[in-house]
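Undergrad: structure for the following, please:
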Amino acid sequence: MVSDLASLTQCRRLVVKVGSSLLVEQGTARAAWLASLAGELAGLKAKGIQIIVVSSGAIALGAAKLGLAGGGRANLADAQAAASVGQIALAGLWSGCLGEHDITAAQMLLTLEDLEDRRRYLNASATFERLLEAGAVPVVNENDSVATTEIRFGDNDRLAARVAQAASADAVLLLSDVDGLYDRDPRKAGAALVERVEGITSEIMNMASSGSSSGLGSGGMASKLQAAQIAERAGIALAIINGTHGSPISNALETGRGTIFLPQRKDAARKAWLGGRLAPRGTLRVDKGCAAALEGGASLLAAGIVGVSGDFRRGDLVSIVSMGGKALAQGLAEYSVAEVQAIAGKRAEDQAERLGYAPRAAVVHRDHMVLL
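TA: Here you go, the predicted model:
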């Protein structure tokens, strides 16, 4: 059980996420820094810890090789082209630095849809299991060469949390350019490092204002907190440490500086996958009584729905929110958007006339729903 930074070195399976700003400087890999990190990962692996790396950097490396403006992020076409070139360079970097320790690196490129679709998620899970069993270190990145704005993670923090779910990891370690989560913009006087978080609350989320987000890539502190939310529901610990130092993991453990987010519950495998999904196709707004019923473990019935938006079909993921817009749950819809609009607010005895057939037991059944 991971309870603090030190216990990260005692877990069975660890996901380590490395951001672009740490790995790449002015289009060139920080070779000495990467070598020090690879040595640390090799040391952890020698202790029996199975390691998965989630690494950014493909776009930055590819943009430099192609001479693209804006770091390859000027437009989608540039980003996809830069990623195509950079993925080869990134894989070579990790293969080389891990190979120095006789460790085999394995490249895995994933898209949002790979982890949103249940069958593809299970395929990825099986691949992780086999690679780790064989002694390899999977190196994961979002497949930006084909991902579009509408169907992508957009940051590797949440990707790392989803990878941890798929790989049944015990913990996620995010290497950042700050020591961890601060209670306000770390550049302001009096800012204090939050060393331990037991549950992401609105107060914790408010600490990640635009002024306090970290990183030069696509992620920031807000995305790290979103990753922690995914992890904490799946029984996975998540830590943020400063990765700018040489041997960053050892440095954090020696100084004790970092933020650890402790798991809050351990959802069953399918519900953990469902709770971690990031792309709902619609939103169902519910009244106060319905919200209370959901928190008590009830299914979502049409009578409690007061608003419907989006474009979803039966089986699609929908978000369930309160009257004030607070996210309550998400789950798989039993009806299309048009059908829900027809029966919203109606009791079961009135739904058949609207639908033209006998209504199903629920709009979202509790077996296919997870509270957030």
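
Undergrad: residues touching Leu238, list them.
TA: If you count contacts by C-beta atoms under 8 Å, 6 or more residues apart in numbering, Leu238 has them with Ala161, Ala171, Val172, Leu173, Leu174, Ala227, Ala228, Ala231, Glu232, Ile260, Phe261. Yep, even glycine has a C-beta here, placed from its N, CA and C like the rest.

Undergrad: 10 Å - rerun?
TA: Residues near Leu238 by C-beta atoms under 10 Å, 6 or more residues apart in numbering: 2, 15, 17, 157, 160-161, 164, 171-174, 197, 224-225, 227-232, 259-263.

Undergrad: across the sheet, point out what pairs with it.
TA: Note on Leu238: beta-bridge partners Val172, Phe261, judged by DSSP bridges.

Undergrad: returning to what we had before: out of the contacts of Leu238, which sit inside strands?
TA: In strands, defined here by DSSP state E, the members of the contacts of Leu238 are Val15, Lys17, Ala171, Val172, Leu173, Leu174, Val197, Thr259, Ile260, Phe261.

Undergrad: from those, which single one is nearest Asp78?
TA: Distances from Asp78 to those, taken as C-beta to C-beta, are shortest for Lys17 (24.0 Å).

Undergrad: is it true that that closest one touches Ala171?
TA: No - taking contacts as C-beta atoms under 10 Å, Lys17 lies outside contact range of Ala171: 11.3 Å.

Undergrad: who touches both of those two?
TA: Ala164, Leu238.

Undergrad: of those two, which one has the most company?
TA: Lys17 (31 against 24; other C-beta atoms under 10 Å).

Undergrad: ok, now which ones touch the more buried one?
TA: For Lys17, the contacting residues are 52-56, 140, 155-161, 163-164, 172-176, 219, 224, 227, 238, 240, 243, by C-beta under 10 Å, 6+ apart.

Undergrad: please parse the protein into its domains.
TA: Residue ranges for the domains of the chain, per automatic domain parsing: 5-272, 280-371.

Undergrad: export those domains to a markdown table and tack on mean pLDDT?
TA: Formatted as a markdown table, the domains of the chain follow (pLDDT from 0 to 100):
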| stretch | mean pLDDT |
| --- | --- |
| domain 5-272 | 90 |
| domain 280-371 | 94 |
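
Undergrad: and those domains, which is most packed in?
TA: Of all the domains of the chain, domain 5-272 has the most neighbours on average by mean count of other C-beta atoms under 10 Å, namely a mean of 19.

Undergrad: quick one: residues contacting Glu129.
TA: When contacts are counted by C-beta under 10 Å, 6+ apart, Glu129 touches Arg13, Gln50, Ala166, Ala167, Ser168.

Undergrad: my guess is Ala192 meets Thr259, correct?
TA: No - if you go by C-beta under 10 Å, Ala192 and Thr259 don't touch, sitting 11.2 Å apart.

Undergrad: which SSE is immediately downstream of the biggest helix by length in the chain?
TA: Identified as the longest helix of the chain according to DSSP state H is helix 76-99. Once the chain leaves helix 76-99, the next helix or strand it forms, by DSSP states H and E, is strand 105-110.

Undergrad: by contact count, what packs against that next one?
TA: Applying 3 or more C-beta pairs under 10 Å, 6 or more residues apart in numbering; DSSP states H and E, we find strand 105-110 packed against strand 50-55, helix 76-99, helix 118-133, strand 137-142, helix 156-166.

Undergrad: send me the last one as CSV with only the CA atoms.
TA: What follows is helix 156-166 as a C-alpha-only set of coordinates in CSV (Å, rounded to 0.1, in the frame of the first residue of the first chain):
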residue,chain,number,x,y,z
ASN,A,156,0.1,12.7,-20.9
ASP,A,157,-0.9,13.2,-17.2
ARG,A,158,-4.4,11.7,-17.7
LEU,A,159,-2.9,9.2,-20.2
ALA,A,160,-0.6,8.0,-17.4
ALA,A,161,-3.5,7.5,-15.0
ARG,A,162,-5.4,5.6,-17.6
VAL,A,163,-2.4,3.5,-18.4
ALA,A,164,-2.0,2.8,-14.7
GLN,A,165,-5.6,1.5,-14.7
ALA,A,166,-5.1,-0.7,-17.8
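
Undergrad: just want the angle from it to strand 137-142.
TA: 130 degrees (axes from the mean of the first three to the mean of the last three C-alpha atoms, to 10 degrees).
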